[in-house]
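Asks: Model the structure of this input:
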Amino acid sequence: MVRIIVLTLFFFLGGILGTGFCEAAVNTKIIINKQNNKLAFYQNNQLVKIFPVATGREPSYTPEGSFKIINKIINPYYIKLKIDGGAPDNPLGNRWMGLNAGGGTYGIHGNSNPASIGTYASGGCIRMSNNDVIWLYERIPIGTPVEIINYSMDFDNNLLDGERRDIIVKLNGEEVKLPRGAGPLIRSEQVFLPITVLAEQLGFQIQWDGPNSTLVLVNQTKQLFFIVDSKTYSLNLVKREAQFAPLIHNSYIYLPLYFFEDLLGAKINWDKINEGIAWLETDNLTNVGKPVPYPIGINVGTKNVALNDKQTPLLFGKHILVPVIALENLLGLELSWDESRVAVKIKHNEDILILPIESNNGSLNENDFTIYPQIVFNNGIAFVSVDDLARAFNLTSSFDYNTGILTINPQ
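Replies: Predicted structure coming up:
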């Protein structure tokens, strides 16, 4: 089956969608566009005011991405030249609003050179006129989101939260209703789409390892590991370098559009660009909602588990399923079939785990034990989530994305 995604650019599309912030800064938002050196202030999801600003002398000086205001200072002291706060020659002017970028060394501030406003003049900070920065300072609390972008489009409501509301994603001719806060983005003139929303529709199982900021995409032929904000990724355990790194926006993970062709097997027909449409076509290599082979290795402690072709682990969403029979000896498990319950029975020392077929309602020592996903039979072999085995039998597990090894340890 061929699936088609259409990106239709409807410029000047009306309407505003909220971002769903529920912190102290819920009503405020700042967007800075390096392309035209403008700063936009939003309140209650409405564009309130646009200011001219100065940004970095070089394109790389002012960082791009999603940040927050972390501190506010009246009449900041200029440490580098030891200039008192409030002095007419203080380059920071009369207000400072620090960002959580570069260890807090970047900020929005006033200045002592009004002629620099609207130009590329700073070492990386965002300069405003002293009157403008006072106006903004009084209206934004700590925690206010700040989006720094760099592309050719003036501010309007389509830029709310840095998302391009004028880009519509369609699947087989039908518009995909992206969740609030997961709209298409443009960074460094590249379109980014939320892969966490679109992965299964492109035929990939998806796994997110939060502590390691690692995204895993797997189908029948590809195993991809991405690290957020890193240009290094791996394809079938071979490391590669990309031009752009994945990013997180409103808790959604985004990949640049060209990844969808180069890595996810989608064909992009750029001939349609002149009509305002970009087509993506891909063969769906896996059934959505079904586990797929996950060709990784397994160690129990320091010992490698010998796996044959029929015992290749499976991936179902974020869950790794392992072949229990291959782990019996090293983990001290006893695997059997309970005919009366139509279930797999796994014994470990005095603990007995019962896993019914086509049900999430298992039992451990006759007590309720919910499993997810359900036990899977593949080539006549029972596969169980390693997380469920760990919970039942007091095990720990960890996965090394560099070697592709899942390590299981008894406690």
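Asks: alpha carbons only for contacts and neighbour counts from here, please
Replies: Fine.
Asks: wait, isn't Leu185 in contact with Tyr151?
Replies: No: counting by Cα atoms under 8 Å, Leu185 stays clear of Tyr151, with 10.5 Å between them.
Asks: so where is the chain shaky, pLDDT-wise?
Replies: For the chain, applying pLDDT under 70 flags the ranges 1-26, 152-166, 170-174, 188-189, 266-289.
Asks: Quick check, central residue of it?
Replies: In the chain, the residue lying closest to the centroid (Cα atoms, centre = their mean) is Ile253, at 2.0 Å.
Asks: Can you tell me the strand partners of the helix or strand containing that residue and which way each runs?
Replies: In the assignment (DSSP states H and E), Ile253 maps to strand 252-256. Here strand 252-256 has these sheet partners by DSSP bridges: strand 190-194 (antiparallel), strand 247-249 (antiparallel).
Asks: most neighbours per residue, which of these?
Replies: Comparing the strands paired with strand 252-256 by mean neighbour count (mean count of other Cα atoms under 10 Å), strand 190-194 comes out on top with a mean of 21.
Asks: Excluding its own residues, what touches that one? List them.
Replies: Residues outside strand 190-194 that contact it (Cα atoms under 8 Å, 6 or more residues apart in numbering): 182-186, 252-257.
Asks: Can I get the residues you listed in a markdown table including distance to Pro293?
Replies: A markdown table is the format used below for the contacts of strand 190-194 (distance: Cα to Cα, whole Å):
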| residue | distance to Pro293 |
| --- | --- |
| Ala182 | 29 |
| Gly183 | 31 |
| Pro184 | 30 |
| Leu185 | 32 |
| Ile186 | 34 |
| Tyr252 | 25 |
| Ile253 | 23 |
| Tyr254 | 24 |
| Leu255 | 23 |
| Pro256 | 26 |
| Leu257 | 26 |
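Asks: quick one: the strand holding Ile253 to chain centroid distance?
Replies: Per Cα atoms, centre = their mean, to the nearest Å, the displacement of strand 252-256 from the mean C-alpha position of its chain is 5 Å.
Asks: who does Ile50 bridge with?
Replies: Ala40.
Asks: got the contact list for it?
Replies: Neighbour list for Ile50: 38-41 [criterion: Cα under 8 Å, 6+ apart].
Asks: mind putting those residues in TSV, neighbour count included?
Replies: Formatted as TSV, the contacts of Ile50 follow (neighbours: other Cα atoms under 10 Å):
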residue	neighbour count
Lys38	21
Leu39	24
Ala40	22
Phe41	20
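Asks: Pro295 touches Thr312, doesn't it?
Replies: Yes: the pair Pro295 / Thr312 is scored as a contact, 5.8 Å apart, by Cα under 8 Å.
Asks: any chance you could map the helices in the stretch 151-300 of the chain?
Replies: 195-198, 257-262 (DSSP state H, counting those that start in this stretch).
Asks: As JSON lines, those helices with mean neighbour count would be great.
Replies: Formatted as JSON lines, the helices of the stretch 151-300 of the chain follow (neighbours: other Cα under 10 Å):
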{"stretch": "helix 195-198", "mean neighbour count": "19"}
{"stretch": "helix 257-262", "mean neighbour count": "17"}
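Asks: Out of the ones you listed, which is closest to Ala392?
Replies: The minimum distance between Ala392 and these falls on helix 195-198, with 29.8 Å, by Cα to Cα.
Asks: what's that closest one packed up against?
Replies: Contact partners of helix 195-198 among helices and strands, from 3 or more Cα pairs under 8 Å, 6 or more residues apart in numbering; DSSP states H and E: strand 252-256.
Asks: change it to 10 Å
Replies: Secondary-structure packing of helix 195-198 (3 or more Cα pairs under 10 Å, 6 or more residues apart in numbering; DSSP states H and E): strand 205-209, strand 214-218, strand 252-256.
Asks: which of those sits most buried?
Replies: Sorting the helices and strands packed on helix 195-198 by mean neighbours (by mean count of other Cα under 10 Å), the first place falls to strand 214-218, with a mean of 23.
Asks: so how far is that strand from its chain's centroid?
Replies: 10 Å.
Asks: From Ile186, how far off is the nearest residue to Tyr254 once chain neighbours are set aside?
Replies: Take Tyr254 and drop its neighbours on the chain: the residue closest to it by Cα to Cα, 6 or more residues apart in numbering is Pro194, 4.3 Å away. Counting by Cα to Cα, to the nearest Å, the gap from Pro194 to Ile186 is 12 Å.
Asks: In CSV, list the helices and strands packed on helix 195-198 along with distance to Asp338.
Replies: Shown next, in CSV, are the helices and strands packed on helix 195-198 (distance: least, Cα to Cα, whole Å):
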stretch, distance to Asp338
strand 205-209, 31
strand 214-218, 33
strand 252-256, 43
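Asks: Nearest to Val146 among those would be which one?
Replies: strand 252-256 (16.8 Å).
Asks: Outside of that closest one itself, list whatever touches it.
Replies: Identification of contacts with strand 252-256 by Cα atoms under 10 Å, 6 or more residues apart in numbering yields 179, 181-187, 190-198, 208, 215, 226, 228, 243-248.
Asks: Send me it as CSV with only the CA atoms.
Replies: Below are the C-alpha coordinates for strand 252-256, written out as CSV (Å, rounded to 0.1, in the frame of the first residue of the first chain):
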residue,chain,number,x,y,z
TYR,A,252,7.2,16.5,20.4
ILE,A,253,10.3,15.3,18.5
TYR,A,254,10.9,16.7,15.0
LEU,A,255,13.0,15.6,12.1
PRO,A,256,13.9,17.7,9.1
